[in-house]
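Asks: got a sequence here, can you model it:
(chains A and B)
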Amino acid sequence: MAWDRNQMAARAALELKDGFYVNLGIGIPTLVANHIDENIDVTLQSENGMLGMGPFPYNDEVDADLINAGKQTITELRRTSYFSSAESFAMIRGGHIDLSVLGAMEVSEKGDLANWMIPGKMVKGMGGAMDLVAGVKRVVVVMDHASKSGAPKLLHECSLPLTGRAVVDMVITNLGVFEIETGKGMTLTELASGVCVDDVKGLTQADFDVAVTS
Amino acid sequence: MKKIFPDAKTALEGLVFDGMTVMSGGFGLCGIAENLITALRDTGVADLTVVSNNAGIDDFGLGFLLQTRQIKKMISSYVGENKEFERQYLAGELELEFNPQGTLAERCRAGGAGIPGFYTKTGVGTVIAEGKEHKDFGGETYILETGLIADLSIVKAWKGDEQGNLVYRKTARNFNPVMASAGKVTVAEVEEIVPLGSLNPDGIHTPGIYVQRIIQGEHEKRIEQRTVRERQSA
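Replies: Alright, predicted model coming up:
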């Protein structure tokens, strides 16, 4: 019943198309790299200044000068290029990146995203998330459908400070897939294995249409 | 004018004063000016405003200057790796201005290029946009952000020469080039000062005009998240 982290990442990987330049966020989005179809050509961007991000290094290849945006050690590929933070965000804000996969704390039925701050509790910062949602052509959110205590995370309105307004195009949760169209709202388009529409409704505050094909 | 200085301490002589703004290059602990951060701490300078994407960790990088309470205000995009930072901020002992990472990079780039402001979509509809001028271009709304300059920028490069030309290595470039351009004075530390003419002129990332002083330093290059994969046995 329902998808685990890897199954959610595998579903998100289906949104990557041949020739895409893609930015993956921290957490479950990072796992998407393990599920990319071998028959398509995708280039991963890391916003700290790299295009063409490779896998984690072998122990004897670790290089302190080569990290991703999550500060993890990584490797380069033959296609790799490096650049400054300003150049990196010119790519992002200039609309040159095709797809971003991000985590979230809350998403509203209008596509508002909150993923950077819990007032009075968590002081971390937005990093590159506000730039990514403002500039990347398509934004896919991957997150657990509800909090650990069962509180919905798909809401009418976000309660936390926003990362961006009407910026999310698709939400993939452990229960299924939603598409969000500006002005049209949210539609449930796929269900995870062993999940029915009523299961989803019970854990969702946001209004959504159902158009599940399968 | 000679740009090469013998060490970090002498390279900062005459440049620091209380209440100054300092830009510090790096992303996480990658590409930070380790020697100059320590030397800045040792000057005892107080009430600093520090512009840096991150705030180091508790016991390395800018964490040193937080321990000694020399920082009054940070302008950053992400500070999640520093518990002392969080404690000082929640206790009201430290001012903090969050900038989206791309806005922070562009503010430095703009400041260094003599551009006092620019419009961006980033942050529209969020707390970042509050109190800022909004303007529509082609049916989309943008907010006005301002360029940033610093009294002093401290940056780290891989190689440099006596003219201050700099070359960075891999993802250690990050904020260093834009901060080098936005300092009224910029001091660079490099792993190796190389003879004039040995850097490829086509491959120089920061032209020497942006760098007033340069030192060669020793670098620990601490790794925050050491992630590896296993070799599969044949």
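Asks: in chain B, what helix or strand scores lowest on average pLDDT?
Replies: Least confident element among the helices and strands of chain B, by mean pLDDT, DSSP states H and E: helix B:83-90 (a mean of 87).
Asks: what are the buried residues along whichever helix or strand comes after it?
Replies: Following helix B:83-90 in sequence order, the next helix or strand is strand B:95-98 (DSSP states H and E). Buried residues in strand B:95-98, counted by 16 or more other CB atoms under 10 Å in any protein chain shown: B:L96, B:F98. In short, each C-beta sits where N, CA and C put it, glycine included.
Asks: now do stretch A:33-43
Replies: Buried residues in stretch A:33-43, defined by neighbour count with 16+ other CB under 10 Å: A:A33, A:H35, A:I36, A:V42, A:T43.
Asks: please flag which of those sit within strands.
Replies: Using DSSP state E, the members of these that fall in strands are A:T43.
Asks: farthest-separated two in the buried residues of stretch A:33-43?
Replies: A:H35 and A:T43 (16.1 Å; CB to CB).
Asks: the residue of chain A most remote from its centre in helix, strand or coil?
Replies: The C-alpha centroid of chain A is most remote from A:D60, which lies 30.9 Å away (CA atoms, centre = their mean). Three states are possible here, and by DSSP: H, G, I helix; E, B strand; the rest coil the one that applies to A:D60 is helix.
Asks: residues in contact with it?
Replies: Contacts for A:D60 were tallied using CB atoms under 8 Å, 6 or more residues apart in numbering or on different chains; there are none.
Asks: rewinding a little: nearest to chain B, of the buried residues of stretch A:33-43?
Replies: Ranked by distance to chain B (CB to the nearest CB), the buried residues of stretch A:33-43 are led by A:A33 at 11.9 Å.
Asks: pretty sure that closest one contacts A:L44?
Replies: Yes. The criterion here is CB atoms under 8 Å, and A:A33 meets it with A:L44 at 6.5 Å.
Asks: shared neighbours of the two, anything?
Replies: With CB under 8 Å, 6+ apart as the test, A:A33 and A:L44 both reach A:L24, A:M53.
Asks: on that earlier part again, make a markdown table from the buried residues of stretch A:33-43 and add distance to B:G217 to it.
Replies: Listed next are the buried residues of stretch A:33-43 as a markdown table, based on distance: CB to CB, whole Å:
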| residue | distance to B:G217 |
| --- | --- |
| A:A33 | 35 |
| A:H35 | 42 |
| A:I36 | 40 |
| A:V42 | 39 |
| A:T43 | 34 |
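Asks: I'd like the buried residues of stretch A:33-43 laid out as JSON lines, including distance to chain B and pLDDT.
Replies: Compiled in JSON lines, the buried residues of stretch A:33-43 are given as follows (distance: CB to the nearest CB, whole Å; pLDDT from 0 to 100):
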{"residue": "A:A33", "distance to chain B": "12", "pLDDT": "94"}
{"residue": "A:H35", "distance to chain B": "16", "pLDDT": "96"}
{"residue": "A:I36", "distance to chain B": "16", "pLDDT": "96"}
{"residue": "A:V42", "distance to chain B": "19", "pLDDT": "98"}
{"residue": "A:T43", "distance to chain B": "16", "pLDDT": "98"}
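Asks: okay, strands next: where are they in chain B?
Replies: B:21-24, B:48-51, B:71-76, B:95-98, B:117-120, B:134-137, B:140-146, B:152-160, B:166-167, B:186-193, B:213-216.
Asks: could you say which of the ones you listed is packed most deeply?
Replies: Using mean count of other CB atoms under 10 Å in any protein chain shown, the stretch among these with the largest mean neighbour count is strand B:152-160, at a mean of 27.
Asks: report all helices and strands that that strand contacts.
Replies: In terms of contacts (3 or more CB pairs under 8 Å, 6 or more residues apart in numbering or on different chains; DSSP states H and E), strand B:152-160 is packed against strand B:21-24, helix B:34-43, strand B:166-167, helix B:176-182, strand B:186-193.
Asks: recalculate using a threshold of 10 Å.
Replies: If you count contacts as 3 or more CB pairs under 10 Å, 6 or more residues apart in numbering or on different chains; DSSP states H and E, strand B:152-160 packs onto strand B:21-24, helix B:34-43, strand B:48-51, strand B:166-167, helix B:176-182, strand B:186-193, strand B:213-216.
Asks: who does that strand pair up with?
Replies: Using DSSP bridges, strand B:152-160 pairs in its sheet with strand B:21-24 (parallel), strand B:166-167 (antiparallel), strand B:186-193 (parallel).
Asks: out of the ones you listed, flag the one nearest A:E87.
Replies: strand B:166-167 (15.5 Å).
Asks: looking at chain A, which helix or strand is least sure?
Replies: Result, chain A / mean pLDDT, DSSP H and E: helix A:28-31, a mean of 93.
Asks: using CSV, write out the CA atom coordinates for that helix.
Replies: Extracted in CSV, the C-alpha atoms of helix A:28-31 (Å, rounded to 0.1, in the frame of the first residue of the first chain):
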residue,chain,number,x,y,z
ILE,A,28,13.8,12.5,-1.9
PRO,A,29,14.4,14.6,-5.1
THR,A,30,18.1,13.6,-4.9
LEU,A,31,17.0,10.0,-5.3
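Asks: which outside residues touch that helix?
Replies: With contact meaning CB atoms under 10 Å, 6 or more residues apart in numbering or on different chains, helix A:28-31 is reached by A:4-6, A:8-10, A:12-13, A:22-24, A:68-70, A:72, A:100-103, A:140-144, A:172, A:174, B:227.
Asks: how about 8 Å then?
Replies: With CB under 8 Å, 6+ apart, helix A:28-31 has contacts from A:R5, A:N6, A:M8, A:A9, A:A12, A:L24, A:G70, A:V101, A:L102, A:G103, A:V142, A:M143.
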